[in-house]
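Undergrad: Any chance you could fold what I've pasted below:
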Amino acid sequence: MMSGKTYDICIVGSGIAGALIAAQATRQGRSVVLIEAGQRFPLAERLKVLRRYQNLGGLYFPWQYPGRDNYVDSSAESIGVGYQLERYRMKGVGGSTLHWGGRAQRLRPTDFSTASTYGVGIDWPVTYAELEPYYSAAEWEIGVSGSPHALQSPRSRDYPMTAFPFSIDDQIWVPIAERLGISLYPAPFAIATTPYKGRSACMAYSACNMCPSGARYSADIHVAEAENSGHCELLTMTVARRIDVRPSGAVAAIHATTVDGKDLEFRAKNYVIAAHGVESARLLLLSNCGNHSDQVGRNFMEHPFIKAGGYLPSKRFYPSRVGFERMESMSYYDGAERRQRGAMKLEFEFAHDPLHDMESEHLWGERLDRHDKELFGHWLDINVETEMQPNSDSRISLDPEEKDMFGDPAPHVHMAFNDIDHRTQRRALEIATDLLQASGAQDVKPVGPGGLSFPAHNMGTCRMSDNPNLGVVDRNCRVHGISNLYVVGSSVYPTGGGCNPTLTIAALSLRLAEHLMQANA
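TA: Reported below is the predicted structural model:
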């Protein structure tokens, strides 16, 4: 069924990228249609969803729909562990900001020029200086609490709210860091320390990934603003399946299907694909669109976490009880070493529960009870968020066998590391181990296989480049060779740096929104 209306902008995906563009456009009276594959998760029901998770475990939100979210993963063949995509993305109004932890950090200026500065990776076509005003705007749009620090990126405007203080547990690292010459700071979070734009201040539920108070930002806030303007139509449980491109090089329509089988067609002056790193690439591949240089889906990146931990019998910690862990360090981020390995950011944590050792340590009954009593509150660990290099063998493709509920090929995830990534991860484990031993921790060891885990930062797959042979979109996020099609989000990252990606997604989205408004004034 074809809508009789031609919108100013058609957006696929209602996560932070799509939501911010919709809000910016409707503030200027532009008509928008938002196509979202997932459902709504109202804030009023979040406490109920939290209780469900606390009782049953599994995913934070019950977002999966039978047949819609199929995928194939072959990452274990190359990196030794699988990539659990169901845990590392979310479909719903607000996208992955519904279940994110709230860290809102800028990339460093050097992250935009790793090739010219360090001889590794590839340079972005935009500089930090060009993006800085949009970083500031993004911090005020989503409400970030933070405190400027010498190792953070330069800024033209202060944070809208002051940072959370170090927790009582965090304080253990202060004298150790001073002795070792390491600089510490409280990480910036999109969690309100004071009431902000209708959001409450943090109420200390200790459930940031599902924040029931609304103190932590989620993009459904901007979706609601766009809808309430009267200029935005939102379709949920609707999957964009094809982009129809005319021979002239302009998109004519986007074809979508609801989960109950209704076919829809949407026409607009401009189209924005903001469906995260996996589904944005998949939609372009399904549509044979933007893949002029075989770049769509390639250079799939993450921020591999390398974690080590140990027990400190002389100290009792109170994880998530007396303040929250907010401490970070970028002392190992830049410098001469980065010519040989990627960037890395240190996060300090205390939250390991000895009861989780039941399976790995083969504990049960009285032995498990004794283990818990002896060790609870004595654990500390360091998470090193590492940079992964762009790698054409690390990619999202269309699986030749697996199909979704509509008969379309499912995404095939294949993550691959290169030699620099392996060096980065080995060095990260060395640093974490050395710091833990300096604290006096005992039984220091990697957490998980090689200390490796993933923080759900899907990046790359639709790389930004001024050279059409090296990327999918240009510096303005427009798909090369197509006049009215744009891709935005972490999918356009040429490199990922070592900082959480959400604030950069927001900055790029505000920049694209401005471009669209000026181009169609």
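
Undergrad: use CA for all of it now, contacts and neighbours both
TA: Noted.

Undergrad: Show residues contacting stretch 99-109.
TA: With contact meaning CA atoms under 8 Å, 6 or more residues apart in numbering, stretch 99-109 is reached by 60-61, 90, 127-129, 135, 139, 144, 152-153, 187-191, 208-210, 216-217, 497-504.

Undergrad: now the helices for this protein?
TA: 16-27, 46-56, 76-79, 114-118, 128-142, 173-180, 220-228, 276-286, 357-360, 365-375, 419-439, 502-519 (DSSP state H).

Undergrad: Return the member of these having the minimum mean pLDDT.
TA: Among those, helix 357-360 carries the lowest mean pLDDT, at a mean of 72.

Undergrad: how many other residues sit next to residue 315?
TA: Residues near residue 315, counting by other CA atoms under 10 Å, number 12.

Undergrad: and it, what does it touch?
TA: Residues in contact with residue 315 (CA under 8 Å, 6+ apart) are 377, 378.

Undergrad: can you check residue 253 too?
TA: Taking CA under 8 Å, 6+ apart, one finds 243, 244, 245, 265, 266, 267, 268 in contact with residue 253.

Undergrad: hmm, back to that, can you select the buried ones from the contacts of stretch 99-109 in PyMOL?
TA: What follows is the PyMOL syntax selecting those of the contacts of stretch 99-109 that are buried according to 16 or more other CA atoms under 10 Å:
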select buried, resi 60+61+90+128+135+139+144+152+187+188+189+190+191+208+209+210+216+217+497+498+499+500+501+502+503+504
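
Undergrad: so of the contacts of stretch 99-109, which ones are in strands?
TA: Assignment to strands by DSSP state E places none of the contacts of stretch 99-109 there.

Undergrad: out of the contacts of residue 253, which one sits closest to residue 343?
TA: Residue 343 lies nearest to residue 243 out of the contacts of residue 253, by CA to CA, at 36.6 Å.

Undergrad: Tell me how many other residues surround the closest one.
TA: Residue 243: 24 neighbours (other CA under 10 Å).

Undergrad: these two touch, right, it and residue 251?
TA: Yes. Using CA atoms under 8 Å, residue 243 is in contact with residue 251, at 6.9 Å.

Undergrad: Quick check: buried residues in stretch 326-336?
TA: 326, 327, 328, 329, 330, 332, 333, 334.

Undergrad: export stretch 338-348 as CSV, just CAs?
TA: The C-alpha trace of stretch 338-348 is given here as CSV (Å, rounded to 0.1, in the frame of the first residue of the first chain):
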residue,chain,number,x,y,z
ARG,A,338,49.7,4.2,19.4
ARG,A,339,51.9,3.7,16.4
GLN,A,340,51.9,0.0,17.3
ARG,A,341,48.5,-0.5,18.9
GLY,A,342,45.1,1.0,19.2
ALA,A,343,43.7,3.6,21.7
MET,A,344,42.6,2.4,25.1
LYS,A,345,40.5,3.8,27.9
LEU,A,346,40.4,2.3,31.5
GLU,A,347,37.2,1.8,33.4
PHE,A,348,37.3,0.8,37.1
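
Undergrad: Determine how far it lies from the middle of the whole chain.
TA: The chain centroid and the centroid of stretch 338-348 are separated by 18 Å under CA atoms, centre = their mean, to the nearest Å.

Undergrad: ok, now stretch 337-352?
TA: Distance of stretch 337-352 from its chain centroid, counting by CA atoms, centre = their mean, is 17 Å.
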